[in-house]
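S.K.: This is the structure alone, sequence omitted:
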């Protein structure tokens, strides 16, 4: 892991004075306590700034200590080139971090699989045009875009949904709107998505996002399926409905509310000529962040009166769909749809994860119907996942014939990791998965050791062939320990002369407390498990 | 899959006239034959231009026919926006292509695992500085680089090795050169790598590349391990040493050859002040492509006389390491190393994949020792994989203390796919992996059907819940067929009243040739397999 800390951080850390060794005298005790407090304050501050589950308090301390030690030991300090760090706001995944990421992604994939979704992928580079929506969306304002050497306007994708839409349209006859593959499509992907904003410590410029989408279903059964998949995923991680919830609302309901106040879909907004309703949604989505006054101000810029804003804000506080329905007054299909969604969710067995929340609108302009976001019930983390229905996106790209209903969600890899850590739900990732370390006793036995390694690999075992022959068994043990191996194979002259190798099983012990060992014939290396099992039985 | 063909292609295809239906008359026969020839010529040309194993002759024909049909059916033609295609030279992966990619990547991962390698990853975006090497390398000349909005010079990575070096240096004390994690490191990754060159049909701008590297071993045992892993990978795909070989050479041997002709390592070349030997290697690497005369010309630009070039070119033709040793004359450690490598490879059991080839130098400036590339013995494909030792790269980035020996290879995803197709070694990817399709008989049973789906998923099954309730069984069958499911679950009122669901197993037949069906109690959905097995036994 590269260091996120600057020389200024190191200087600040050093300024607290060195750590005391041994038992402090009463006079020292006050200073030691003071130092401890300062260190803790700085660590807490840095952890908050970094906002990265990998950087725990302990790790921050270790890293700062390391930097101090490295600086102190430098007779001639070599400047650390900036190009050794990953680019600003991005992450390297060392093997220990990769194991965690693979574990999480496997959980994503497994949830997608049991729900019958098929994986797809697309280039991280996309056309800027796909994101040119007039709505003041944060995701579009922060694009990682550039002009390539041939003049094409491209960007590291900020999100996956437009790519999915593009791919579906490539299977669609634009003249007729007919999709040439059987609908519905149930597709998923785990793309890396990017954004560019001026560097600010701890804000990432990339994250991975599990995307699940259903294409071709125009009613709430599709929403339900996605909400069920997300609930299943939480459950499979041991995260119950007491820890997370999914706030559900519908833009179609909000549309009815806003229509009463003159904000109608299809109208153009006064600011940039974009869709008035979509722009209003993007503004209302910021309510939690910027507050009601600022929302009222921003709504005014697209032509919503302050009286209307007040009524709209009031409607967003409706505690149940029934009460919101009363505010709307008229019969409203969208309200019935939301009611049906909640009723079916209960029958499905996922109702305990869902809550109605009239203030959830999501910040993307293209949503048209039901929208949702997952949140931690303790209220400490940002949104865990967000999604909704976007029935007009394919039409926007492919033309008026392409009326293909879609629903989907995006589930980032960062907030869920914080949640899992906070709740102690991350498994211990110990060991490297290596089964055997094979050690040649001397250089002339190296070829033989290599051959034995290959034979063990043919049985499916993960084998680390020690690259340097060693007479001393202690060195081999150290290597096996570092590799996290469970068995060692010694290729030594006496045993080889007898046509066997000695294998020590480091996870079992005989009655003397020593690792159990067996001699395995070279031509029966696939029987090691049996030999060890027998030896364990005898011991 | 998006169409790579332009309206011009379609027009050309149309110009050959329509396909004849029925048996042609003798007069028609000549015209039909002529048409066939023209079509075939065009298809062959396009397949060559596309240079993509996905685009077979048959697929090209189908796609052109489709475009023609689509054009013909268009009353008002809608222009197809360019942004619907993936960016120039990049690939979308639809589910059917993703299954193939996942299969290949799993094979990469499995080979890495049995050899005890650990996976890592890093951002696709990298610092341009990491690739600033003065050597005229193609990979650096074709960088996909740009300046970001804060003025940083970044690029979509052209290769992974500099990133690996950067990551290792982030675990290294630059003052002492000490790596803070136990060596050797055995790491692998499957990054997407990018290059930018002016668009030319069929040349990709991205590919995936399996990277395997060993850090911290300064002798041929590391090379051997990597060559063994590649050989194991080939073998696991059913690609024997009769189909592919790995040409092995050593730049250290070449260094001895070139030193006799005044080209010495550490000297600066006359053209751009880069390392003379590295520049010479990059030039010599092009021998196959540009021929001896052009190589001689280019060597002249860095100050190598034509007489020396002639001698060097002669040495590159040495058929064995022994004959090359004679040309060098003096005792040479590098020669002994190569001999030892081949001897150990035989003992290892991978010798039949390896061949000595004095002309292999690889086109990257940083290689210092043994280099290799895998090739298909029929000589039809480009290099399948390339690698070598690069003992000086960490020093270049981290300073003179960082003398950490490294060896690695990069194995692209495209050429191997062509090879697998040519040799019929790709498995059939039939079916979607869906186990059950669950169908509700009527809307009021949908919640129950959803609940049953969830219970089946809890047993690990992949379940597709049909989004629309259907009374007609035929519609459900069609859906199950499209989903590729093996079982259907009917949630219908009569069975539900009895507390069961009817399950049809589409892959088994009773004596009447009908799919076997069982009624499974709702509270015992984890027993379906047993019920079906019993029913099959009875049938």
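M.R.: Structure received. Being a predicted model, the structure only gives us computed values, none of them experimental. Numbers count the residues shown, from 1 in each chain, chains lettered A, B, ... in the order given.
S.K.: and stretch A:289-296, which residues are buried?
M.R.: Neighbour counts using 16 or more other C-beta atoms under 10 Å in any protein chain shown place A:295, A:296 of stretch A:289-296 among the buried residues. (Each C-beta comes from the backbone N, C-alpha and C, glycine too.)
S.K.: Can you give the contact residues for that stretch?
M.R.: With contact meaning C-beta atoms under 8 Å, 6 or more residues apart in numbering or on different chains, stretch A:289-296 is reached by A:283, A:284, A:286, A:287, A:298, A:306, A:309, A:310, A:313.
S.K.: Run a quick check on the third one versus residue A:359, I expect a contact.
M.R.: This means residue A:286. No: in this structure residue A:286 lies outside contact range of residue A:359 using C-beta atoms under 8 Å: 11.0 Å.
S.K.: For residue A:262, give me its contacts.
M.R.: A:304, A:305, A:308.
S.K.: I'd like the distance between the last one and residue A:295.
M.R.: As judged by C-beta to C-beta, to the nearest Å, residue A:308 and residue A:295 stand 12 Å apart.
S.K.: pLDDT score for residue A:78?
M.R.: Reading off the confidence values, residue A:78 has pLDDT 65.
S.K.: next one: the one 10 residues further on
M.R.: For residue A:88, the model assigns a pLDDT of 90.
S.K.: That one contacts residue B:152, doesn't it?
M.R.: Yes: counting by C-beta under 8 Å, residue B:152 is a contact partner of residue A:88 at 6.8 Å.
S.K.: Quick one: low-confidence residue ranges for the stretch 51-200 of chain A.
M.R.: Within the stretch 51-200 of chain A, the ranges that satisfy pLDDT under 70 run A:71-78, A:199-200.
S.K.: Could you list the buried residues of stretch A:314-326?
M.R.: Residues of stretch A:314-326 classed as buried: A:315, A:316, A:318, A:321, A:324, A:325 (neighbour count, 16+ other C-beta under 10 Å).
S.K.: starting at the chain centroid, how far to that stretch?
M.R.: Centroid separation between stretch A:314-326 and its chain, computed with C-alpha atoms, centre = their mean, to the nearest Å, is 33 Å.
S.K.: any idea where the strands of the stretch 251-400 of chain A begin and end?
M.R.: Remark: strands assigned in the stretch 251-400 of chain A by DSSP state E, counting those that start in this stretch are A:354-356, A:370-376, A:385-389.
S.K.: Tell me where the longest helix sits in chain A.
M.R.: helix A:26-50 (DSSP state H).
S.K.: ok, residue A:188 - how many residues close by?
M.R.: Neighbour count of residue A:188, defined by other C-beta atoms under 10 Å in any protein chain shown: 26.
S.K.: Which residue, other than its chain neighbours, is closest to residue A:427?
M.R.: Spatial nearest neighbour of residue A:427, excluding adjacent residues (C-beta to C-beta, 6 or more residues apart in numbering or on different chains): residue A:103 at 6.8 Å.
S.K.: With residue B:502 as the reference, measure out to that neighbour.
M.R.: In this view, residue A:103 and residue B:502 are 38 Å apart by C-beta to C-beta.
S.K.: Now the stretch 351-500 of chain A against chain B: closest residue?
M.R.: Here the residue of the stretch 351-500 of chain A nearest chain B is residue A:447; by C-beta to the nearest C-beta that distance is 2.6 Å.
S.K.: now do the stretch 251-400 of chain A
M.R.: With C-beta to the nearest C-beta as the measure, residue A:347 is the residue of the stretch 251-400 of chain A nearest to chain B, at 2.6 Å.
S.K.: Could you look up the SS state of the closest residue to that residue other than its chain neighbours?
M.R.: Distances taken as C-beta to C-beta, 6+ apart place residue B:447 nearest to residue A:347, at 2.6 Å, with adjacent residues excluded. Three-state call for residue B:447 (DSSP: H, G, I helix; E, B strand; the rest coil): helix.
S.K.: do residue A:18 as well
M.R.: coil.
S.K.: what about it, how many neighbours?
M.R.: Counted with other C-beta under 10 Å, residues neighbouring residue A:18 total 9.
S.K.: Residue A:27 too?
M.R.: As a burial measure, residue A:27 scores 8 neighbours (other C-beta under 10 Å).
S.K.: cool, residue A:276 as well?
M.R.: Residue A:276, neighbours per other C-beta under 10 Å, totals 22.
S.K.: so what's it up against?
M.R.: Shown in contact with residue A:276 (C-beta under 8 Å, 6+ apart): A:263, A:264, A:265, A:266, A:267, A:268, A:269, A:302, A:303.
S.K.: Make a ChimeraX selection of the buried ones in the residues you listed.
M.R.: Listed next is the ChimeraX selection for buried residues among the contacts of residue A:276, using 16+ other C-beta under 10 Å:
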select /A:263,265,269,302,303
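S.K.: What's the separation between the closest residue to residue A:442 other than its chain neighbours and residue B:294?
M.R.: Closest residue to residue A:442 apart from its sequence neighbours, by C-beta to C-beta, 6+ apart: residue A:469 at 5.2 Å. In this view, residue A:469 and residue B:294 are 46 Å apart by C-beta to C-beta.
S.K.: Same check on residue A:510?
M.R.: Residue A:510 sits 69 Å away from residue B:294, taking C-beta to C-beta as the criterion.
S.K.: do residue A:304 as well
M.R.: According to C-beta to C-beta, residue A:304 and residue B:294 sit 70 Å apart.
S.K.: I'd like the strands of the stretch 251-400 of chain A as a markdown table, with mean neighbour count and mean pLDDT appended.
M.R.: Shown next, in a markdown table, are these (neighbours: other C-beta atoms under 10 Å in any protein chain shown; pLDDT from 0 to 100):
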| stretch | mean neighbour count | mean pLDDT |
| --- | --- | --- |
| strand A:354-356 | 20 | 97 |
| strand A:370-376 | 25 | 98 |
| strand A:385-389 | 26 | 98 |
